[in-house]
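In: Sharing a model that was predicted from the sequence below.
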Amino acid sequence: GGYIGDLRLKNPLVLAPDEGATDFAADVAAVSGWDCDHLVKTRLSGEEVRIAPKTIDAAGREVVIVDDIISTGGTLATAACMLREQGAASIHAACVHGVLTSGAYTRLRAAGVASVVSSDTYENASSFISAANAIATAIREDAHR
């Protein structure tokens, strides 16, 4: 939440990629008092799907999609393309574990994702957030149980 707040986004919207990640996205959004929603996939036909926020319109918003892990980036890239079509001003991605398999970063950037940030639990070019404090705190709390 703190690093994302440092981006100084105007009219930000934090989105979870699905309903299951909504609590995590809400926690991230709460740090800066931002709006939060989750994406919903609607099948329009056998081959055509639409991905859009459940309740909050993304048009004109600076969107931050947050998840626990980004691996191939395929779903996030698809969501980013659709959000751009829906008028999102910018799209950013943030995750705890940035596995980013071969080609994932390029795929995300090609889909219009302006920035990708992750913790250093999986070291790569997107690792801007240290997980050391959270891990040390968890170890201390566990030791006192």
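Out: In hand now; what should we look at?

In: can you pull out the helices in the protein?
Out: 2-5, 22-32, 74-85, 104-110, 132-143 (DSSP state H).

In: ok, Val14 - contacts?
Out: When the contact criterion is C-beta atoms under 8 Å, 6 or more residues apart in numbering, the partners of Val14 are 4, 25-26, 28-29, 34-37, 63-66. The C-beta positions use only the backbone N, C-alpha and C, and glycine is treated the same way.

In: Ala132 now?
Out: Asp120 are the contacts of Ala132 under C-beta under 8 Å, 6+ apart.

In: at 10 Å instead, please
Out: Ser119, Asp120, Thr121 (C-beta atoms under 10 Å, 6 or more residues apart in numbering).

In: How much space separates Leu100 from Val31?
Out: Leu100 sits 24 Å away from Val31, going by C-beta to C-beta, to the nearest Å.

In: try Thr137
Out: 16 Å.

In: So between those two, which is more surrounded?
Out: Val31 (13 against 10; other C-beta atoms under 10 Å).

In: Kindly provide the distance from that one to Val64.
Out: According to C-beta to C-beta, Val31 and Val64 sit 11 Å apart.

In: Low-confidence bits of the chain, can you list those?
Out: Along the chain, segments meeting pLDDT under 70 span 1-6, 122, 124-131.

In: Closest one to Tyr105 out of the contacts of Val14, please.
Out: Nearest to Tyr105 out of the contacts of Val14 is Ile65 (C-beta to C-beta; 14.6 Å).

In: Across the sheet, point out what pairs with the closest one.
Out: Using DSSP bridges, the bridge partners assigned to Ile65 are Leu15, Ala93.

In: Spit out the contact partners of it.
Out: Counted by C-beta under 10 Å, 6+ apart, Ile65 has contacts 13-17, 21, 25, 38-39, 75-76, 79-80, 83, 91-95, 108, 113, 116.

In: how about a cut-off of 8 Å?
Out: Going by C-beta under 8 Å, 6+ apart, Ile65 touches Val14, Leu15, Ala16, Pro17, Leu39, Leu76, Ala79, Ala80, Ile91, His92, Ala93, Ala94.
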